[in-house]
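[1] Return a 3D structure for these sequence lines:
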Amino acid sequence: MPAEQSDGELLAACANREAWAWDALVDRYAGLVYSVALRAGLAEDDAADVFQTVFATLLEHLQNIRAPQGLAAWLITTTKREAWRVARRAQREPPASEVVGTLAAAAAWQRGARPEERAWADRALIAEALQEIGERCRRLLTLLYLEPGEPSYDEISARLKMPVGSIGPTRARCLAKMREILRRMGMDEG
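    As a prediction, this is how the structure comes out:
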């Protein structure tokens, strides 16, 4: 029974690619990782991104964990570091609300709303910026902000063949690029 297994036994089984062991390990420590991320002041979406990153890091470093009894401490430290990194990045990056709002307006236009003259010009700039931003960012931003039905991170992950934990950080980088392109193109802020 997985609940009776020690961390060392679960880590060894995970190293042998036993799916039940990985599930048991994630179940055992999910609450800890989320609570540390949330206590660091992150929003739930960012905490979910941190959760994904921490467990992806654990998966990458399974063979390097020499003291399985210290797994909880390792997870706490790794989660704190990732949460601080996410929080610092959020402080450095300008708010994405301007780009998100404009993309939402473009989505409304695509659904047939009748825009004002300035909105038409803005949409043309956005379409041009989306062509310039690069395929990966264009596909991600389109799925996140322009796709009807608002696909979940799991759906986006499957469609883009991108780990769920990479979506948030990639979104942030793409929005920063988009904002810079729009600024360079002369799109007024406001």
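
[2] just how off-centre is stretch 8-20 within its chain?
    Here stretch 8-20 is found 26 Å from its chain centre; the criterion is CA atoms, centre = their mean, to the nearest Å.

[3] Please read the previous query as pertaining to stretch 23-31.
    Put simply, stretch 23-31 sits 20 Å off its chain's centre (CA atoms, centre = their mean).

[4] ok, residues contacting it?
    Residues outside stretch 23-31 that contact it (CB atoms under 8 Å, 6 or more residues apart in numbering) are 2-3, 5, 7, 10-11, 14, 51, 55, 58, 71-72, 75. Heads up, the C-betas are built off the backbone N, CA and C, glycines and all.

[5] got a pLDDT number for the residue nearest to residue 80 when sequence neighbours are not counted?
    Excluding the flanking residues, the one nearest residue 80 by CB to CB, 6 or more residues apart in numbering is residue 36, at 6.1 Å. pLDDT for residue 36: 89.

[6] Mind telling me what element residue 36 is part of?
    helix 19-39 (DSSP states H and E).

[7] tell me how far that helix is from the chain's mean position?
    Its chain's C-alpha centre and that of helix 19-39 lie 18 Å apart, by CA atoms, centre = their mean.

[8] just to revisit the earlier point, which ones among the contacts of stretch 23-31 lie within strands?
    Using DSSP state E, no member of the contacts of stretch 23-31 falls within strands.

[9] Low-confidence stretches in this structure?
    1-3, 90-125, 185-190 (pLDDT under 70).

[10] Tell me how it divides into domains.
    With domains defined by automatic domain parsing, the chain comprises 2-92, 97-184.

[11] Let's have those in TSV, adding mean neighbour count.
    Conversion of the domains of the chain to TSV gives the following (neighbours: other CB atoms under 10 Å):
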stretch	mean neighbour count
domain 2-92	16
domain 97-184	16
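
[12] which residues does residue 75 contact?
    Here residue 75 is in contact with 29, 32-33, 36, 54, 58 (CB under 8 Å, 6+ apart).

[13] Swap in 10 Å and give it another go.
    For residue 75, the contact set (CB atoms under 10 Å, 6 or more residues apart in numbering) comprises 25, 28-29, 32-33, 36, 54-55, 57-58.

[14] Check residue 158 too.
    Applying CB under 10 Å, 6+ apart, the residues near residue 158 are 151-152, 164.

[15] These in strands, which ones?
    Assigned to strands by DSSP E, none of those qualify.

[16] out of the residues you listed, who's nearest residue 42?
    Of all the contacts of residue 158, residue 42 sits closest to residue 164, with 16.1 Å by CB to CB.

[17] What separation is there between that closest one and residue 83?
    From residue 164 across to residue 83, the span is 17 Å (CB to CB, to the nearest Å).
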